[in-house]
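Trainee: no letters, just coordinates:
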Ligand SMILES: [Zn+2]
């Protein structure tokens, strides 16, 4: 069995009866999406590999890419909400200390991390500057 690279899909190796779509002339930047989703796959023009994809794979790539964008947007939005929520609960916790025990340790950890980072920076500067001066 020989594979005709001009007739198989680059992404699933299918040899569909329908038309294959050229990877590099897609208006919606298919190579960019593929390489964003699957960094191990390098799509280069004239790399000797099939330069066309089946319509199913185009659909899969677009769906997956949109899903990735959706997840990233949701993640960023949720993290922003948590950031606002934490600062709000910090004010509320002083008056009502019933239940919200999960947010308190997280905040303490964040504060400790910030302090240790600052201390490290100061220590480095303190150790370096006298050595340079003397
Ligand atoms: Zn395919």
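Mentor: Here it is on my side, so go on. Small disclaimer: the values here were computed from a predicted structure and weren't measured.
Trainee: who in the protein is up against the ion?
Mentor: With C-beta under 5 Å from the ion as the criterion, the chain meets the ion at residues 9, 11, 12, 14, 54, 57. Placement of C-beta: from N, CA and C, glycine included.
Trainee: residues touching the first one, list them.
Mentor: With contact taken as C-beta atoms under 8 Å, 6 or more residues apart in numbering, residue 9 is in contact with 15, 16, 20, 50, 52, 53, 54, 56, 57.
Trainee: can you check the fourth one too?
Mentor: Residue 14 makes contact with 8, 54, 56 under the criterion C-beta under 8 Å, 6+ apart.
Trainee: hang on, isn't the last one packed against residue 12?
Mentor: So the one you mean is residue 56. Yes: assessed by C-beta atoms under 8 Å, residue 56 is found in contact with residue 12 at 7.3 Å.
Trainee: now for the helix or strand harbouring residue 83, which elements pack on it?
Mentor: Secondary structure from DSSP states H and E places residue 83 in helix 55-95. Contacting helix 55-95 under the criterion 3 or more C-beta pairs under 8 Å, 6 or more residues apart in numbering; DSSP states H and E are the following elements: helix 30-37, helix 103-133.
Trainee: thinking again about what came up before, ok, so of the residues of the chain next to the ion, who is nearest residue 66?
Mentor: For the residues of the chain next to the ion, the residue nearest residue 66 by C-beta to C-beta is residue 57; the value is 14.8 Å.
Trainee: wait, the closest one touches residue 11, no?
Mentor: Yes: the pair residue 57 and residue 11 qualifies as a contact (C-beta under 8 Å) at a distance of 4.1 Å.
Trainee: and the contacts of residue 9, which are buried?
Mentor: Among the contacts of residue 9, the ones that count as buried by 16 or more other C-beta atoms under 10 Å are 20, 50, 52, 53, 54, 57.
Trainee: residue contacts, the second one?
Mentor: Remark: with contacts taken as C-beta under 8 Å, 6+ apart, residue 50 is in contact with 5, 6, 8, 9, 10, 13.
Trainee: cool, and the first one?
Mentor: Contact partners of residue 20, counting by C-beta under 8 Å, 6+ apart, are 7, 8, 9, 52, 53, 54.
Trainee: sweet, I'm off.
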